[in-house]
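Visitor: can't give you the sequence, but here's the structure:
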């Protein structure tokens, strides 16, 4: 599948799960930015430490399992980019070998081999908790506030989550099959092309619609969920793609779908997506630009 997938084109309800069956050969999708984005992950780890990688002791076995899974999967599907080695992986794109020799950082090292962020969710009683994560491209959330938390607390900021989606999500996690991984999309409009956006910086609001194409980006997430067969943990991968609005100025269908998706959002949903720096200028710009096409 193409990475140029924009979730608002398909399902516009924030509380819609929007799940799709995931083909095995489309789990992780490297592109021409692989070397640069994996180098950025290591730089962020050196600078930010636990803010981009955190783990609980009970995640060690699952960390090793996901690392070894990647060690088999990546050379099989992308032999030009990866090669197997004893309990590790050779990344040909940067001439580096990673060994899964420390269960406390196995997920961290595995994440340095791919563009996706990697999170581990493990069952405890009747819910799933975030037990480890390498998170270098967060979309307005902070890892240290979520590590160790169950799904309901992780998703507490989502409007109406507890009333409308909590039970559905928890049941879904209980029934994810090893041989039936899934994926879904998410989106927002942002004023920065930085991958690392935990939401601790205030963006200067856009007040003039004329500034929208120059300052706005569409930020999308391709999320996958895959159960590990040995530990039963669920691997949640997040691949972020950021495109400037200038890429879509002559694409009225795309802009119209975005306009419709924005119109369908409630005030709470707009707040959750952190759209306040760009609204209402964005809606006005879309209306005027589309009228002129």
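Guide: That came through fine. Only a predicted model underlies this, so the values are computations on that prediction, with no experimental measurement involved.
Visitor: helix or strand with the lowest mean pLDDT in this structure?
Guide: Of all the helices and strands that make up the chain, helix 161-164 has the lowest average by mean pLDDT, DSSP states H and E, namely a mean of 68.
Visitor: host element of residue 262?
Guide: Take DSSP states H and E as the rule and residue 262 turns out to sit in helix 252-264.
Visitor: what's the answer for residue 75, then?
Guide: When elements are defined using DSSP H and E, residue 75 is found to belong to helix 60-77.
Visitor: for residue 110, which non-adjacent residue is spatially closest?
Guide: residue 67 (4.1 Å; C-beta to C-beta, 6 or more residues apart in numbering). For the C-beta atoms, the positions are set from N, CA and C on the backbone; glycine is no exception.
Visitor: from residue 135, how far out is the one you found?
Guide: Spatial separation of residue 67 from residue 135 under the definition C-beta to C-beta, to the nearest Å is 17 Å.
Visitor: what bridges to the most centrally placed residue in the chain?
Guide: Among the residues of the chain, the smallest C-alpha distance to the mean C-alpha position (C-alpha atoms, centre = their mean) belongs to residue 238, namely 2.6 Å. On the basis of DSSP bridges, residue 238 is bridged to residue 117, residue 223.
Visitor: residue contacts, it?
Guide: Remark: with contacts taken as C-beta atoms under 8 Å, 6 or more residues apart in numbering, residue 238 is in contact with 116, 117, 119, 135, 137, 221, 222, 223.
Visitor: what ranges does this structure have for its helices?
Guide: Ranges of helices within the chain are 34-48, 60-77, 106-111, 143-146, 151-154, 161-164, 166-174, 212-215, 252-264, 267-272, 281-292, based on DSSP state H.
Visitor: which residues does the first one contact?
Guide: Read that as helix 34-48. 52-53, 81, 91, 93-94, 108, 111-115, 134, 136, 195-196.
Visitor: same thing with the last one?
Guide: The contact list for helix 281-292 (C-beta under 8 Å, 6+ apart) reads 189, 206-213, 216, 249, 252, 255-256, 258-259, 262-263, 275.
Visitor: what's the answer for the third one, then?
Guide: Contacts to helix 106-111, defined as C-beta under 8 Å, 6+ apart, come from residues 41, 45, 53, 55, 59-60, 63-64, 66-67, 70, 89, 98-100, 102, 117-118, 120, 132-134, 136.
Visitor: the same query, at a cut-off of 7 Å, please.
Guide: Defining contact as C-beta atoms under 7 Å, 6 or more residues apart in numbering, one finds that helix 106-111 is touched by 41, 45, 53, 55, 63-64, 66-67, 70, 98, 100, 117-118, 120, 132, 134.
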